[in-house]
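Peer 1: Got a sequence here, can you build the structure:
(chains A and B)
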Protein chains: 2
Amino acid sequence: MKDLPGTPGTLSGLLLRLGQCLFAAASMGVMVTASGFSNYTAFCYLMASMGLQMLWSMGLAGLDAYALRIKRDLQNPVLVSLFVVGDWVTATLSLAAACSSAGITVLYDKDLGFCKTQHMPCERYSISIALAFMTWFLIDISSLIMLWVLALSST
Amino acid sequence: MKDLPGTPGTLSGLLLRLGQCLFAAASMGVMVTASGFSNYTAFCYLMASMGLQMLWSMGLAGLDAYALRIKRDLQNPVLVSLFVVGDWVTATLSLAAACSSAGITVLYDKDLGFCKTQHMPCERYSISIALAFMTWFLIDISSLIMLWVLALSST
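Peer 2: Numbers count the residues shown, from 1 in each chain, chains lettered A, B, ... in the order given. Next up, the predicted model:
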């Protein structure tokens, strides 16, 4: 199982976790600079979800770095089950947050045309949402790998 | 692998697929009766996504029923890989559609208060979205089971 890229306690796993932290932090950073975001429930939810994602990925990145340093194998079924559940929950929350925010941005941009007429910072909203989708993509890869590792370790 | 509930070619798998069809059809049915839904990109996307989900689940339900009737085993790795990819894509699209529509409904209901003042059919939107979330939940279960079966069959 050690050969599979992205598994816990490997360098590729660590890089995947750091990528998730980076994109989640960037998404939050861009959203904070967009004025009036706090008036919208979906954008606040995106911030909360990216914050949770960042904490979760940072924790697992720390664990990966520690396992790499002391050359310890993290792939026992109980630990992997915990990673599967956590990854699945945070991946679902990240996708839900990105999509609900994207729904509102498309509504304002295409359906109502408010981005031009009301001078809303739609570009910043879009960049933040794109970064959230990147975060989701990386956490989804982690989540699929974890489920795969758990299935293999259960045999 | 035949013992795992929800795997292709089993009665529980067939029931899961029929449930997905039913909830997707109900979600589309309720949305169609809500006036003005076609003015919103997200609601149109929800209709398209639920339509795709219904077709996919109906196809697989037919295949499950056929396999049950002729007592054929559907669990070869190539077929299961196809199911994994299809389930994963449709599950992601369903969640994305449900969340983007939910984002707009929350915006109109909580943030702007349009549901009361503008007499929008927010209740119907909400019921349709809730049914879409149920569809996603069932397809997500299928998708996780398929990935599990694929991982087991690869060993």
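Peer 1: Next one: A:Met47, what pLDDT does it get?
Peer 2: Predicted confidence (pLDDT) for A:Met47: 97.
Peer 1: need the contact list for the spatially most central residue of chain A.
Peer 2: By C-alpha atoms, centre = their mean, chain A has its centre lying nearest to A:Thr135, at 3.7 Å. Counting by C-beta atoms under 8 Å, 6 or more residues apart in numbering or on different chains, A:Thr135 touches A:20, A:23-24, A:27, A:50, A:53, A:94, A:98. Backbone N, C-alpha and C define where each C-beta goes, glycine included.
Peer 1: Could you report the pLDDT at the closest residue to A:Tyr45 other than its chain neighbours?
Peer 2: Closest residue in space to A:Tyr45, ignoring its immediate chain neighbours: A:Ala97 at 5.2 Å, by C-beta to C-beta, 6 or more residues apart in numbering or on different chains. pLDDT for A:Ala97: 96.
Peer 1: and chain A, which of its residues are near chain B?
Peer 2: A:39-42, A:92, A:95-97, A:99-104, A:106-107, A:110-111, A:144, A:147-148, A:151-152, A:155 (C-beta under 8 Å from any C-beta of the partner chain).
Peer 1: if we can go back for a sec, the residue nearest to A:Tyr45 contacts A:Ala132, doesn't it?
Peer 2: Yes - taking contacts as C-beta atoms under 8 Å, A:Ala97 lies within contact range of A:Ala132: 6.4 Å.
Peer 1: Mutual contacts of those two, please.
Peer 2: Joint contacts of A:Ala97 and A:Ala132 (C-beta under 8 Å, 6+ apart) are A:46, A:49-50.
Peer 1: what's the closest of these to chain B?
Peer 2: Ranked by distance to chain B (C-beta to the nearest C-beta), the shared contacts of A:Ala97 and A:Ala132 are led by A:Leu46 at 9.6 Å.
Peer 1: list the helices and strands the host helix or strand of the closest one packs on?
Peer 2: Assessed by DSSP states H and E, A:Leu46 sits inside helix A:41-69. Applying 3 or more C-beta pairs under 8 Å, 6 or more residues apart in numbering or on different chains; DSSP states H and E, one finds that helix A:41-69 contacts helix A:11-32, helix A:77-106, helix A:122-153, helix B:77-106.
Peer 1: Redo these as a markdown table? Include distance to B:Ile127.
Peer 2: Shown next, in a markdown table, are these (distance: least, C-beta to C-beta, whole Å):
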| stretch | distance to B:Ile127 |
| --- | --- |
| helix A:11-32 | 31 |
| helix A:77-106 | 18 |
| helix A:122-153 | 27 |
| helix B:77-106 | 10 |
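Peer 1: Out of the contacts of A:Thr135, which comes closest to A:Glu123?
Peer 2: The nearest member of these to A:Glu123, counting by C-beta to C-beta, is A:Ser27 at 14.1 Å.
Peer 1: close enough to count as contact, that closest one and A:Leu46?
Peer 2: Yes - if you go by C-beta under 8 Å, A:Ser27 and A:Leu46 touch, sitting 7.3 Å apart.
Peer 1: Report the set of residues contacting both of these two.
Peer 2: A:128-129, A:132.
Peer 1: residues contacting the closest residue in space to A:Asn76 that isn't next to it in sequence?
Peer 2: Of all residues not flanking A:Asn76 in the chain, A:Ser153 sits nearest, at 7.7 Å (C-beta to C-beta, 6+ apart). By C-beta under 8 Å, 6+ apart, A:Ser153 lies in contact with A:1, A:75-77, A:80.
Peer 1: and which of those residues is nearest to B:Met120?
Peer 2: Distances from B:Met120 to the contacts of A:Ser153, taken by C-beta to C-beta, are shortest for A:Val80, at 46.2 Å.
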